[in-house]
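**Student:** Need a 3D model of the following:
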Amino acid sequence: MVKIIGLGPSGAALGFLLGSAEVEERVGRYFKACGEAVPVETPLISREFVVDKVRRYRFFLGDRLLGEVSYREPRWYIIEKGAWIDYLRSRIGPGSSDGVVVDARGPYGSKGKKIVVVMAYVSGIRREEETADFIFPRNHTGFYWIFPHGSLYNIGGGFLEVEDPTALVREFANKLGGRIINIKGAPLTVLPEIDLGYNGRFRVGESAGLIYPLTGEGIRPGVLSAIALAEALRTKNPLETYRRRVEPIVKQIGLQKRLLLAASAAIKRGGSISAIADGSLLRDYIEENLSLRGLFVALAKRPAAAARLLSALLRR
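**Tutor:** Model (predicted):
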């Protein structure tokens, strides 16, 4: 039997998959500041927790539209995350540990640079349906987001250089003409160090560093890592099996870390992300499918920008 410390997305998903576990930190409604969006194919998300859908993403640099990515059908679900995690928790039967421990404490167990991310539920604004916006300010490394959430909007932001973005998010919501219903902040690991643990003591989700640095997306990699570990625990060499199964996520995170640091350096020198606002690149960005090949294909017609990005990446 397994002991799970922390019952956020990855810990609750792991307990749900195992059926029973010794658990810690079951009390209280789960909260983590994020857009509460997951790709439609994300495992373990039942439709009863879906409150909205997204089929179009728009990207802005300040007030200027950089580009957009649209799909014929909704590509992401917006979920009631707290209710979904409560459901997973309720399906975990009692158990006692036989020595295997899983750290699923999210940012409280992870290694690497953390920032505070703030989100607010906002009423009284009207925007285009099934559309999510990412707004990149010119003077910070990070972004604001605007995601639909049923009759409300989920608006938030996080930035590498800002210790507490609460005032910035309030100002941003006020400019949209909305009324803030609730606003909260939480830590987020933006430059994670991967640590999957060792035999007998494992890590999943953000606690293992499995969170995408460029978007802050943690639900999908958290669920996928829980599935990978649940399957690996049935094998003769669980750590090696687990490592193999999450390797694609780990590689994507490594590339995104380098890009985030390169973007931060460019902004400090007065640059912006506008030079790489290519349609295919934006699609890869939201699909968490970035690659160096894709980056340089997108930059092929912008040799100066490509040279600057390559230089920044090689210094990392």
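**Student:** Pull up the gap between the nearest residue to Ile194 once chain neighbours are set aside and Asn182, please.
**Tutor:** Closest residue to Ile194 apart from its sequence neighbours, by C-beta to C-beta, 6 or more residues apart in numbering: Gly209 at 4.2 Å. Quick note: C-beta positions are derived from backbone N, CA and C, even for glycine. From Gly209 across to Asn182, the span is 29 Å (C-beta to C-beta, to the nearest Å).
**Student:** what about those two, which has more around it?
**Tutor:** Counted by other C-beta atoms under 10 Å, Gly209 and Asn182 do not tie: Gly209 has more neighbours, with 25 against 10.
**Student:** Look up phi and psi at the more buried one.
**Tutor:** Dihedral pair for Gly209: phi 90, psi 10, per degrees, to the nearest 10.
**Student:** Look up how far Pro107 lies from it.
**Tutor:** Taking C-beta to C-beta as the measure, Gly209 falls 10 Å from Pro107.
**Student:** Overlap in contacts, those two.
**Tutor:** Counting by C-beta atoms under 8 Å, 6 or more residues apart in numbering, the contacts common to Gly209 and Pro107 are Thr189.
**Student:** can you pull the buried residues of the helix or strand hosting Ala186?
**Tutor:** Taking DSSP states H and E as the criterion, Ala186 maps to strand 179-193. By neighbour count on 16 or more other C-beta atoms under 10 Å, the buried set for strand 179-193 is Ile183, Gly185, Ala186, Pro187, Leu188, Thr189, Val190, Leu191, Pro192.
**Student:** hey, which helix or strand in this protein has the poorest pLDDT?
**Tutor:** Here the helix or strand of the chain ranked lowest by mean pLDDT, DSSP states H and E is helix 303-314, holding a mean of 47.
**Student:** Point out where this protein drops to low pLDDT.
**Tutor:** Applying pLDDT under 70 to the chain flags residues 25-27, 266-286, 288, 290-316.
**Student:** in it, which spans are helices?
**Tutor:** For the chain, helices defined by DSSP state H occupy the ranges 9-18, 81-90, 166-175, 219-232, 238-268, 279-287, 292-298, 303-314.
**Student:** The fourth one relative to helix 238-268, how many degrees between them?
**Tutor:** In other words, helix 219-232. Here helix 219-232 runs at an angle of 160 degrees relative to helix 238-268 (axes from the mean of the first three to the mean of the last three C-alpha atoms, to 10 degrees).
**Student:** residues making contact with helix 219-232?
**Tutor:** 8-11, 13-14, 17-18, 34, 36, 38-39, 42-45, 79, 81, 102, 104, 202, 204-206, 208, 210-212, 238-239, 241-242, 245-246, 249, 288.
**Student:** now those residues: which count as buried?
**Tutor:** 8-11, 13-14, 17-18, 34, 36, 38-39, 42, 44-45, 79, 81, 102, 104, 202, 204-206, 208, 210-212, 238-239, 241-242, 245-246, 249, 288.
**Student:** To what extent is Tyr108 buried, counted in neighbours?
**Tutor:** 16.
**Student:** whoops, Arg127 was the one
**Tutor:** 14.
**Student:** now Ile135
**Tutor:** The local packing of Ile135 (other C-beta under 10 Å) involves 18 other residues.
**Student:** how much space between it and Val54?
**Tutor:** 15 Å.
**Student:** Repeat that for Thr241.
**Tutor:** Taken as C-beta to C-beta, the span from Thr241 to Val54 is 34 Å.
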